[in-house]
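Asks: just to be clear, the model below is a prediction. Sequence and coordinates:
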Amino acid sequence: MTTLIALIVAAVTFGTVLMYGTLGEILTEKSGNLNLGVEGIMYMGGAFGLAGAFYYEKAAGELASGPAAISIAILSAFAAGMAASLIYSFLTITLRANQNVTGLALSIFGTGIGQFVGEFMRVSEGGYVALSNNLKESFSATVFPDFMIKIPFIGRILFSHTIFFYIAIVLAVLMYLFLTRTRYGMYLTAVGESPSTSDAAGINITKYKYLATVIGGGISAIGGMVYIMTTAGCVWNHEGLSGVGWLAVALVIFCMWRPLNAIWGSVLFGAMMIMYLRVSVPFIPTELYKILPYIVTVIVLIFTSMRNSRDKQPPASLGENYFREER
Amino acid sequence: MEENYAIEMKGITKRFGQVVANDGISLAIKRGEILALLGENGSGKTTLMNMLSGIYQPDEGEIYEDGKPVYIRSPREAFSYGIGMIHQHYKLIEVFNATQNIVLGLDDGRLDLAAAAKKVKEICSRYGFEIDLSRKVYEMSVSQKQTIEIVKILYRGADILILDEPTAVLTPQETQKLFTVLRNMKKDGKAIIIITHKLNEVMEVSDRVAVLRKGKYIGAVNTSETNPQMLTEMMVGHSVSLNIDRPVYPSPQRKLVVEGLTCVDEEGITKLDSVSFTANTGEILGVAGISGSGQRELLEAIAGLYPVKSGSIRFVGDDGAEKELVGLTPKKIREAGVGMAFVPEDRLGMGLVGSMGMTGNMMLRSWKNGRGALVRRKEPENLAKNIMEELDVVTPGIDYPVRRLSGGNVQKVLVGREIAGEPAVLMTAYAVRGLDINTSYTIYNLLTEQKMKGVAVIYIGEDLDVLLELADKILVLCGGRVSGIVDARTVTKEEVGLMMTEYRPEEGRL
Ligand SMILES: Nc1ncnc2c1ncn2[C@@H]1O[C@H](COP(=O)(O)OP(=O)(O)OP(=O)(O)O)[C@@H](O)[C@H]1O
Ligand SMILES: [Mg+2]
């Protein structure tokens, strides 16, 4: 029983990282932009998030407070992600460069920048970059009081997670409401489905695409920061972060571009990714575990295309650039 | 004069690279008037209208609304000037329902779909539309989609309406309904520009006709003072004869025998009910019927694309041997010599690759015949050149992406390629949809040519007049059943019309 609970808690921890990556990419893809640079964006989010918190503590010294550090980490990661996707947006929306190529380039560029910033901090700070234990605590502490966590079974499953998990859930719900209940969400969906139709209907395509892609990139980047500040223990760890962005891209497909699915989807993917640590079966190499999420995604793709439901398809213009006078 | 024009375009020029789509065009329309815009495929009609709706910007020239100069930089600005356009290829979001599509792009306050739906219903009852507002677009028929497009621009308060080939995919009944609506709107004082290739419609609904030819403005005439022959000559630039030859093939033989063909769709509805007929070599078998009476299913069943419940379809070889086609794959059926040129509503969707040129698209059909891994370009290139010349495809070259061609020219490429496949049985459905009158006749002549080569032609068409002139025999479908097979040389239009609506199997069997 305790193993199961421990597994779930660990799955949620890793799932939180994925949830940000996925939610951001859902928003981006809803506008018809396939940003394959998530991997790079999350690297940058991780490095800049850590840098934000670290230099804040260095400046504030004893006075550094947990909530402030968390906010600064979120904001730095968000800004880094926005900057990266702004480059992507400019290239694909304004200059109409190929989205796949641009995304892959951003992926390489972003991992490079992330690495550079992480290593630069390490070297310039004399070998070791870490927050003080106090601040570390506040990143991995839960927001709920002790007695709630102590409720048998559900206490730990529901209430023992970091604040990032709960923010992500609120974000998912907000995004769901935005997409289904508001005019702007509906127009964003329309832009992703058919830019030419939306354009003829008088919607400002460029604005929607830019905003969705830039904000989406910012959200994805938070995921990288969450990984570094929780799982990795507030030190730069590029190995753990590698592949997470790609997993988020797969998860977007798995979730069928629906933010609410991202909640359980990312926890499920999180579970699959950490399973090898907890449930080891002899003779099965851990790499096999790691391909599990991708296999599941392929299976989901096969099922949905077999059922051929029009409502469960990717945004129809995904990956295509729009130019009004082209036909 | 000047002050009562709703819209006046002066000296409009538009170029796409080396293509001059519009060359110094001037055009004007008054309120309370229906203006028909006529011209061959690729003459620049859509381009000209796209400049009114803000999709394109003119390179030269001015536009005036009620005498004041206006600059329409985007579709949004077009709305603010009261201009709304229904495009040749519908612009609707497939996964949205009717109401969502109608309010798309408007930003007046909170999103209130219920209130919007109420306003939409008002518009519908005012002009006599029937639409199910909660239905998703992908579940709708073409005419329903078109209704939404019209309601969409009315909802925005447009009083200058542009309709680009609205009747190309409608049945005659639906067309009549549309015309009633247009007349109502005209009475409301709206200015309406309609593009169509069907001259009888022009004569019926318009007040004035403006003609374009190869990007240039030829002139405008009052509808009451003109006739189809004169309009055709204005369009083409020289006199043409609008007659179809119907030579008799000396020795017809059975080529395709269909017996008791029954097809049921996924929902269990019977689409074809024991259909039997024989298609002979050297004969054009016309298929008439109200749209949705099973025409499409018939062709698809023969081509192996639609499941057959019972019955048989036999292909008669030159030696008289019969071969059963039911149960064969589409590829095998094609190899047996049954070709199908089905022109769907979405022209680019059916077997053309938009980003490739004509040559590339010819190769799609022929590459399988080549030996080895290398493709041979010579043959497809010649074929593309042939089609371009014979059907007058307006394109800068055979390697120009077909997506950029005008709607009608895309269609010519599609039809030309199918005919070039030299099948023993050639099936076409709606082959002249969206084609200008001159090209339509070219296609009719091509079909007749094929027939005289001993091909069995099955032709599904919407225009009864043409069917009566072109076909040798007419098979009339009514609700999936054959209500008669008649001799096209002796039957009258009224008789066929009656058979289309009433199922009377005893009469007129050949
Ligand atoms: N976006 C574009 N890019 C390149 N060429 C274009 C574009 N739009 C139109 N053209 C060219 O301009 C010419 C006029 O096209 P247009 O679509 O206006 O013809 P049309 O009169 O509407 O013909 P149809 O009756 O076949 O629809 C064509 O030769 C077409 O290839
Ligand atoms: Mg056109």
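Replies: Perfect, I can see it now. Numbering: from 1, shown residues only, chains lettered A, B, ... in the order given. Ligands and ions are numbered 1, 2, ... in the order given.
Asks: how about B:G24, nearest residue that isn't a chain neighbour?
Replies: Spatial nearest neighbour of B:G24, excluding adjacent residues (C-beta to C-beta, 6 or more residues apart in numbering or on different chains): B:G11 at 5.1 Å. Using the backbone N, CA and C atoms, a C-beta is placed for each residue, glycine as well.
Asks: is it true that that neighbour lies in a helix?
Replies: No: assigned with DSSP: H, G, I helix; E, B strand; the rest coil, B:G11 falls outside any helix and is strand.
Asks: which residues touch it?
Replies: By C-beta atoms under 8 Å, 6 or more residues apart in numbering or on different chains, the contact list for B:G11 reads B:G24, B:I25, B:S26, B:E60, B:G61, B:E62.
Asks: quick check on those residues: which are buried?
Replies: Of the members of the contacts of B:G11, the ones counted as buried by neighbours, 16 or more other C-beta atoms under 10 Å in any protein chain shown, are B:I25, B:G61.
Asks: of the contacts of B:G11, closest to B:G461?
Replies: Closest approach between these and B:G461, by C-beta to C-beta: B:I25, at 32.8 Å.
Asks: I'd guess the closest one is in a strand, am I close?
Replies: Yes: counting by three-state DSSP, B:I25 is found in a strand.
Asks: who's in contact with it?
Replies: B:M9, B:G11, B:I12, B:T13, B:G44, B:L48, B:G61, B:L212, B:G215, B:K216, B:Y217.
Asks: rerun that using 6 Å as the cut-off
Replies: B:I12, B:L48, B:Y217 (C-beta atoms under 6 Å, 6 or more residues apart in numbering or on different chains).
Asks: the first one reaches B:P58, doesn't it?
Replies: Think B:I12. Yes: contact status for B:I12 versus B:P58: in contact at 4.9 Å, counting by C-beta atoms under 6 Å.
Asks: which residues are contacting whichever strand or helix holds A:S198?
Replies: For A:S198, the host element (DSSP states H and E) is helix A:195-200. For helix A:195-200, contacts defined as C-beta under 6 Å, 6+ apart pick out A:A190, A:V191, A:I205, A:S317, A:Y322, A:R324, B:P75, B:K91, B:I93.
Asks: which among these count as buried?
Replies: Applying 16+ other C-beta under 10 Å to the contacts of helix A:195-200, the neighbour count classes A:A190, A:V191, A:I205, A:S317, A:Y322, A:R324, B:P75, B:K91, B:I93 as buried.
Asks: could you find the lowest-pLDDT member of those?
Replies: pLDDT across the buried ones among the contacts of helix A:195-200 is at its lowest for A:R324, which sits at 83.
Asks: what's the separation between that residue and A:P315?
Replies: 19 Å (C-beta to C-beta, to the nearest Å).
Asks: tell me how many other residues surround the residue in chain B positioned nearest to ligand 1.
Replies: Nearest to ligand 1, among the residues of chain B, is B:G408, at 2.7 Å (C-beta to the nearest ligand atom). Using other C-beta atoms under 10 Å in any protein chain shown, B:G408 has 29 neighbouring residues.
Asks: show me the contacts for it.
Replies: Applying C-beta under 6 Å, 6+ apart, we find B:G408 in contact with B:N41, B:G434, B:L435.
Asks: skipping adjacent residues, who's closest to the last one in space?
Replies: It refers to B:L435. Nearest non-adjacent residue to B:L435, counting by C-beta to C-beta, 6+ apart: B:G408, 5.2 Å away.
Asks: the one you found should be in a helix, yeah?
Replies: Yes: applying three-state DSSP, one finds B:G408 inside a helix.
Asks: so B:V209, which state does it fall into?
Replies: When classified by three-state DSSP, B:V209 comes out as strand.
Asks: what's the closest non-adjacent residue to it?
Replies: Using C-beta to C-beta, 6+ apart, the closest residue to B:V209 is B:A36 (4.6 Å).
Asks: looking at this, that neighbour is in a strand?
Replies: Yes: under three-state DSSP, B:A36 falls within a strand.
Asks: okay, and the beta partners of it?
Replies: With DSSP bridges applied, B:A36 shows beta-bridge pairing to B:I194, B:V209.
Asks: and the gap between it and B:F16?
Replies: Distance of B:A36 to B:F16, computed by C-beta to C-beta: 25 Å.
Asks: tell me which of these two has more neighbours.
Replies: Of the pair B:A36 and B:F16, B:A36 is the one with more neighbours under other C-beta under 10 Å, namely 25 against 16.
Asks: right, I'll call it a day here.
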